[in-house]
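Enquirer: sequence-free structure coming up:
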């Protein structure tokens, strides 16, 4: 039985429900629409995060840090304190220390001396001795691609002294550096390749020989024509590489027997392949240098009765107090040398710079002393070096460890340094020259990124500077280790990130 009171309550509830459900929408309170807007920095950070979260790097990991150069404000980072193998990003560290400590106008000075005298007929009755300074610039790279330019200068200098004959030996002294010819932790099987050339206090042609291979189109089945650059007999080269027709399945290889100068080419070389080049390093750079100089002297008509010799093979040590100077040779300036390191990513020169730092500011010309000088230098400018592990000058060693934090700190330090322009201009320019010449083509980052690359097995890095559309400078360090996808795919990710930075207003 329903009581009157319950009927009244139901009626009131019904009236309230109908009133609420039939209320005119014109009189409802409209809440303001909320919009979420990201700042330019937040938007770029979001897009980079999305890109890396979806990146198919197959068990690899990324380290990233990005900040404004003028203010130091960080607007993106990922694993920025973790340690990574930097590969050739290590050259940023070496060249920064060399530039700041040795100064932009620093030049190596190599002395040519003798323990004899030159008579009126131009006969040098004694040895010609080259006192090595560690100069890494006796290379085609510094002389418009000409392998012989520097040797011609030496020959002309001797001719200017009236020398027509040398009755003694041509001796090379590399003792300005220690005798450790490879970087710490370098792979033994890299020795024959140009990027792992031996390090010495006396070097020529970056301690390798370029070989031009040309198939013999007139004589199928005969050896390929092989021409060395520079022209020299220093390498004992065995040529078992045969020219074959273009429809033949081929396989060919080249190399050098370790700890010797016995090089070889073998296999079958297709006619349609045309001309190509391969490079083989030499063993004992000091002996190589004086050997080639003897060849050039004789070609120029100067008779050499003696032999090319490494000073380490002499019975008695050289006494420079009893020698007479003939002439000295100055290298290109340091500002040019670091460009030849960073733009093409040249390992040999980078290693030489590290030993030079040890010679000039440490206790001797070794990589160990050079590394100590580097760390002291970074400390003096406020960098946190507690976790910085430097093991060579070039980055070829897999024992180097740096973090994106440390790399951006270095780049910030150099941005604020008086030598900023020398340093930044030494880096490759995206889409134009150096190791980034093929990166960012057709994007806003083309010709807008000055950055050092780094590549060894399963390692890729790109660190440097770029500028927004309004000209605001940005410092970045991008590193990925232990990926198993093709490096070309990683390069695309790096390109997209720097393009995002370059697109910023």
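Expert: Sure thing, it's come through. None of these values were measured; they are calculated from a predicted model.
Enquirer: and the strands in the stretch 251-400 of the chain?
Expert: Taking DSSP state E, counting those that start in this stretch, the strands of the stretch 251-400 of the chain run over residues 252-256, 262-270, 276-281, 303-304, 308-310, 324-330.
Enquirer: format these as JSON lines; extra columns: mean pLDDT and distance to residue 123.
Expert: Bear in mind the C-beta positions are built from the backbone N, C-alpha and C, glycine included. Below are these laid out as JSON lines (pLDDT from 0 to 100; distance: least, Cβ to Cβ, whole Å):
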{"stretch": "strand 252-256", "mean pLDDT": "97", "distance to residue 123": "38"}
{"stretch": "strand 262-270", "mean pLDDT": "97", "distance to residue 123": "36"}
{"stretch": "strand 276-281", "mean pLDDT": "98", "distance to residue 123": "36"}
{"stretch": "strand 303-304", "mean pLDDT": "98", "distance to residue 123": "9"}
{"stretch": "strand 308-310", "mean pLDDT": "98", "distance to residue 123": "19"}
{"stretch": "strand 324-330", "mean pLDDT": "98", "distance to residue 123": "14"}
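Enquirer: quick one: closest of those strands to residue 191.
Expert: Among those, the nearest to residue 191 by Cβ to Cβ is strand 276-281 (6.5 Å).
Enquirer: now do the same contact list for residue 120.
Expert: Not one residue lies near residue 120 by Cβ atoms under 8 Å, 6 or more residues apart in numbering.
Enquirer: what stretches of this structure score poorly on pLDDT?
Expert: 1-37 (pLDDT under 70).
Enquirer: how is this structure partitioned into domains?
Expert: Annotated domains of the chain cover 40-105+334-503, 109-330 [automatic domain parsing].
Enquirer: now do the end-to-end distance for the last one.
Expert: Using Cα to Cα, to the nearest Å, the end-to-end distance of domain 109-330 comes to 5 Å.
Enquirer: can you give me how far it is from the chain middle?
Expert: Domain 109-330 sits 23 Å away from the centroid of its parent chain (Cα atoms, centre = their mean, to the nearest Å).
Enquirer: and the longest one, by the same measure?
Expert: The gap between the average C-alpha position of domain 40-105+334-503 and the chain average comes to 10 Å, counting by Cα atoms, centre = their mean.
Enquirer: what about it, start to end distance?
Expert: With Cα to Cα, one end of domain 40-105+334-503 sits 10 Å from the other.
Enquirer: still on that earlier bit, what's the closest of the strands of the stretch 251-400 of the chain to residue 178?
Expert: strand 308-310 (14.6 Å).
Enquirer: quick one, which of the strands of the stretch 251-400 of the chain is packed in tightest?
Expert: strand 308-310 (a mean of 20; mean count of other Cβ atoms under 10 Å).
Enquirer: that strand packs against which elements?
Expert: strand 170-173, helix 285-299 (3 or more Cβ pairs under 8 Å, 6 or more residues apart in numbering; DSSP states H and E).
Enquirer: of the strands of the stretch 251-400 of the chain, which approaches residue 48 most closely?
Expert: Closest among the strands of the stretch 251-400 of the chain, once you apply Cβ to Cβ, is strand 276-281, at 38.1 Å.
Enquirer: show me what that closest one is packed against.
Expert: Against strand 276-281 (3+ Cβ pairs under 8 Å, 6+ apart) you get strand 208-214, strand 252-256.
Enquirer: take the strands of the stretch 251-400 of the chain and write them to CSV, including distance to residue 414.
Expert: Shown next, in CSV, are the strands of the stretch 251-400 of the chain (distance: least, Cβ to Cβ, whole Å):
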stretch, distance to residue 414
strand 252-256, 38
strand 262-270, 40
strand 276-281, 32
strand 303-304, 47
strand 308-310, 38
strand 324-330, 26
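Enquirer: out of those, flag the one nearest residue 63.
Expert: strand 276-281 (32.4 Å).
Enquirer: strands paired with that closest one, and their directions?
Expert: Strand 276-281 has its sheet partners listed here by DSSP bridges as strand 208-214 (antiparallel).
Enquirer: between strand 262-270 and the partner strand, find me the angle.
Expert: Put simply, strand 208-214 runs at 30 degrees to strand 262-270, going by axes from the mean of the first three to the mean of the last three Cα atoms, to 10 degrees.
Enquirer: would you mark the buried spots in strand 208-214?
Expert: 208-211, 213 (16 or more other Cβ atoms under 10 Å).
Enquirer: next, the angle from that strand to helix 285-299.
Expert: Using the same axes, to 10 degrees, strand 208-214 lies at 60 degrees relative to helix 285-299.
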